[in-house]
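Enquirer: Any chance you could fold what I've pasted below:
(one chain, ligands or ions: 1)
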Amino acid sequence: MRDDGKRITVLGLGAMGTAMARAWLDAGYEVTVWNRTASRAEPLAAEGATVAATVGEAVAASDLVVVCLLDDASVEKVLDGADLRGKDLVNVTTSTPGRARERAAWVERRGARYLDGGIMAVPPMIGSAESGAYVFYSGSSELFAAHRDALAVPAATRYVGVDPGSAALHDVALLSAMTGMFAGVSHAFALMRGTEAAPREFAALLIEWLTAMAPYANGVATHLETGDYTLGVTSNLAMMVEGNGTLLRTAEEQGVSAELLSPFMALMERRLAAGHGDEGTTGVIDLLLR
Ligand code: NDP
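Expert: Below is the predicted model of the structure:
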């Protein structure tokens, strides 16, 4: 057994856990793996991983234990009963901020340090420095400092604070923004369906336009920092609500449901009705807060 800190245990060998374990193997780490369905460990065993027969055996093999399972319920099930005393547990299973905080307390009560992770990548991006893959981490800063190098092997790291829920919150906030983008792209393609525009060419236009519009987020940040939602506004709410009518009439002409657009438009109208026509759309955020 090596004692240079290059020893790691990975629990969970789905697509993501396998990719992460493989990255550590490729970087020369001594990797112990465990998976509920043992056959999924065979490829990694052939590449040099040690396959543990039980969770307890896997946890005992390394100080640093990485958990990458389907969901928080499977994490609880797998770790229940394992001796975690003195371990550094890094849980990269996708979860909510609240669940991550509960899991941190649950793990710490059992004598381990806890770091939560939110993976901003798909498995093929793992282990490739150029892919842009990274993982948000939050929780024990001591754990993060102690294992920074090891954690940076599968993907770049972004530590976002001692609150164990912070990584999940950052992860979900970005995924939520992405969901809105997917909705917009879906609506746009629906409008163009059945026209002579080639989907591939229209996709190029979409990418160009959405990239040009992305700095919108900086404008929102300025408004939130200053409390002045009119600063630097070039397209004001009154004008945009007027424009929404054109978007809706076009959807109708094209026989496309506006159900993906209308919730956001309704919020814009409410903010306008409250007398904020000179703002951009930042005021919608205030309407969302419950
Ligand atoms: P997979 O579906 O490929 O693998 C799921 C893993 O969880 C398997 O190891 C499975 O074991 C295990 N598992 C599920 N339920 C249980 C249970 N009750 N008890 C024990 N083990 C269980 O998922 P991924 O590897 O793709 O994802 C793992 C985590 O990574 C998820 O939280 C996901 O959200 C996150 N993630 C994944 C991304 C992706 O693109 N794949 C991107 C970003 C994050 P078994 O083999 O026995 O079924």
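
Enquirer: Tell me how many other residues crowd the residue of the chain found nearest the ligand.
Expert: Residue of the chain nearest the ligand, by Cβ to the nearest ligand atom: Gly14 (1.8 Å). (C-beta placed from N, C-alpha, C; glycine too.) Each residue near Gly14 was counted by other Cβ atoms under 10 Å, and the total is 17.

Enquirer: where does it fall, phi/psi-wise?
Expert: Dihedral pair for Gly14: phi -80, psi -160, per degrees, to the nearest 10.

Enquirer: quick one, what contacts Ala21?
Expert: Going by Cβ atoms under 8 Å, 6 or more residues apart in numbering, Ala21 touches Val10, Leu13, Val31, Val33, Leu44, Ala49.

Enquirer: Output the residues you listed as TSV; include the columns neighbour count.
Expert: Below are the contacts of Ala21 laid out as TSV (neighbours: other Cβ atoms under 10 Å):
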residue	neighbour count
Val10	31
Leu13	28
Val31	27
Val33	28
Leu44	21
Ala49	23
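
Enquirer: possible to save those residues as a markdown table with distance to Asp72 and pLDDT?
Expert: As requested, these are exported to a markdown table (distance: Cβ to Cβ, whole Å; pLDDT from 0 to 100):
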| residue | distance to Asp72 | pLDDT |
| --- | --- | --- |
| Val10 | 18 | 98 |
| Leu13 | 18 | 98 |
| Val31 | 24 | 98 |
| Val33 | 21 | 98 |
| Leu44 | 24 | 98 |
| Ala49 | 25 | 98 |
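
Enquirer: Please identify which pair of those lies farthest apart.
Expert: Spanning the widest gap among the contacts of Ala21 are Leu13 and Val31, at 10.8 Å by Cβ to Cβ.

Enquirer: mind giving me the domain split of the protein?
Expert: 7-161, 170-288 (automatic domain parsing).

Enquirer: Just give the nearest non-adjacent residue to Glu252, would you?
Expert: Spatial nearest neighbour of Glu252, excluding adjacent residues (Cβ to Cβ, 6 or more residues apart in numbering): Ala258 at 7.6 Å.

Enquirer: Report the set of residues contacting both of Leu13 and Val31.
Expert: Joint contacts of Leu13 and Val31 (Cβ under 8 Å, 6+ apart) are Ala21, Leu44.

Enquirer: for the residue nearest to Glu252, helix, strand, or coil?
Expert: Three-state call for Ala258 (DSSP: H, G, I helix; E, B strand; the rest coil): coil.

Enquirer: Isn't Val10 up against Met20?
Expert: Yes: shown here, Val10 and Met20 form a contact pair, counting by Cβ atoms under 8 Å, at 6.3 Å.

Enquirer: Next, the contact list for Thr281, please.
Expert: Thr281 neighbours (Cβ under 8 Å, 6+ apart): Val220, Leu237, Met240, Met268, Arg271.

Enquirer: no wait, Gly118
Expert: Residues near Gly118 by Cβ under 8 Å, 6+ apart: Val92, Thr94, Val135, Phe136, Ala167, Ala168, His170, Asp171, Val172.

Enquirer: 7 Å instead?
Expert: Shown in contact with Gly118 (Cβ atoms under 7 Å, 6 or more residues apart in numbering): Thr94, Val135, Phe136, Ala167, Ala168, His170, Asp171.

Enquirer: How about Val135?
Expert: Val92, Gly117, Gly118, Ile119, Met120, Ala155, Thr157.

Enquirer: follow-up on the earlier one: what do Val10 and Met20 both touch?
Expert: Val66, Cys68.

Enquirer: The stretch 101-250 of the chain: helices as residue ranges?
Expert: With DSSP state H, counting those that start in this stretch as the criterion, the stretch 101-250 of the chain has helices at 141-146, 148-151, 166-192, 199-213, 216-226, 237-253.

Enquirer: Need these in a markdown table (columns: mean pLDDT, distance to Val66 and mean neighbour count).
Expert: Output for the helices of the stretch 101-250 of the chain, formatted as a markdown table (pLDDT from 0 to 100; distance: least, Cβ to Cβ, whole Å; neighbours: other Cβ atoms under 10 Å):
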| stretch | mean pLDDT | distance to Val66 | mean neighbour count |
| --- | --- | --- | --- |
| helix 141-146 | 98 | 12 | 15 |
| helix 148-151 | 98 | 9 | 17 |
| helix 166-192 | 98 | 14 | 16 |
| helix 199-213 | 98 | 34 | 11 |
| helix 216-226 | 98 | 32 | 13 |
| helix 237-253 | 98 | 46 | 14 |
